[in-house]
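>>> Can you look at this prediction? I've put the sequence above it.
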Amino acid sequence: MITIEALTEADAPRCAALERVLFPGDDPWSEAAFRSELAAGHNRYFAARSGDLLVGYGGVAMLGNRIAPESEIHTIGVDPEYQGKGIGARLLGVLLDVAEMHGGPVFLEVRTDNEPAITLYRKAGFTIVGTRPRYYQPSGADAYTMRRTARFAASGEVAGS
């Protein structure tokens, strides 16, 4: 059984280890980077656990202001041994719930060659709005910028209704 709960500083070493496995050709986040993200008041990070083992993580930043809020998915990572079991989709769902409470559109960047992630994001309502050449370093891989429109207006009404 997989549980989703708040990511803690004690999870930073495992997150950094997973980053090295998941993103070997780029600049994986360090323990210090995860600790810094967790300390920022505008970020929310979550852990997916199988028992006591952290098998996935994800984070979202709530940006903008009350008049023009927006959110940005910073990262989602799932242990390769646990991929294909819906864990990434569950983490994304939790991140999107947080973003919807904040309001406004949600943005993210994804490697242009990461078809499983692109498919996941499209299913969640994201569309490609641009390309960032050589976004990921040191590999130089390109990234798509993707956007999901706000689902709810500040009043709680469905946006566009």
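Arrived safely. All figures in this text were calculated on a predicted structure; none of them were measured in a lab.
>>> Tell me where this structure has strands.
All strands of the chain, identified by DSSP state E, fall at 2-6, 43-50, 53-64, 69-78, 106-111, 127-132, 143-148.
>>> strands paired with the longest one, and their directions?
Applying DSSP bridges to the sheet, strand 53-64 is found paired with strand 43-50 (antiparallel), strand 69-78 (antiparallel).
>>> which residues are contacting that strand?
Strand 53-64 has contacts (C-beta atoms under 8 Å, 6 or more residues apart in numbering) with 2, 7, 11, 14-15, 18, 37, 40, 42-49, 69-79, 81-82, 87-88, 91-92, 94-95, 98-99, 102, 104, 106. (C-beta placed from N, C-alpha, C; glycine too.)
>>> Now, of those residues, which are buried?
The neighbour count (16 or more other C-beta atoms under 10 Å) marks 7, 11, 14-15, 18, 37, 43-49, 69-79, 82, 87-88, 91-92, 94-95, 98-99, 102, 104, 106 as buried among the contacts of strand 53-64.
>>> Could you give the bridge partners of residue 72?
Taking DSSP bridges, one obtains residue 61, residue 107 as the residues bridged to residue 72.
>>> what ranges of this structure fall below the confidence cut-off?
152-161 (pLDDT under 70).
>>> hmm, try it at 90
Along the chain, segments meeting pLDDT under 90 span 24-27, 66, 137, 139, 150-161.
>>> can you tell me which helix in it is longest?
If you go by DSSP state H, the chain has its longest helix at helix 87-102.
>>> what sits up against that helix?
Residues outside helix 87-102 that contact it (C-beta under 8 Å, 6+ apart) are 2, 4, 44, 46, 48, 55-60, 62, 69, 71, 73, 76, 78, 106, 117, 120-121, 123-124, 148, 150-152.
>>> Would you quantify the distance from residue 15 to residue 30?
9 Å (C-beta to C-beta, to the nearest Å).
>>> got it, and residue 73?
In terms of C-beta to C-beta, residue 73 sits 20 Å off from residue 30.
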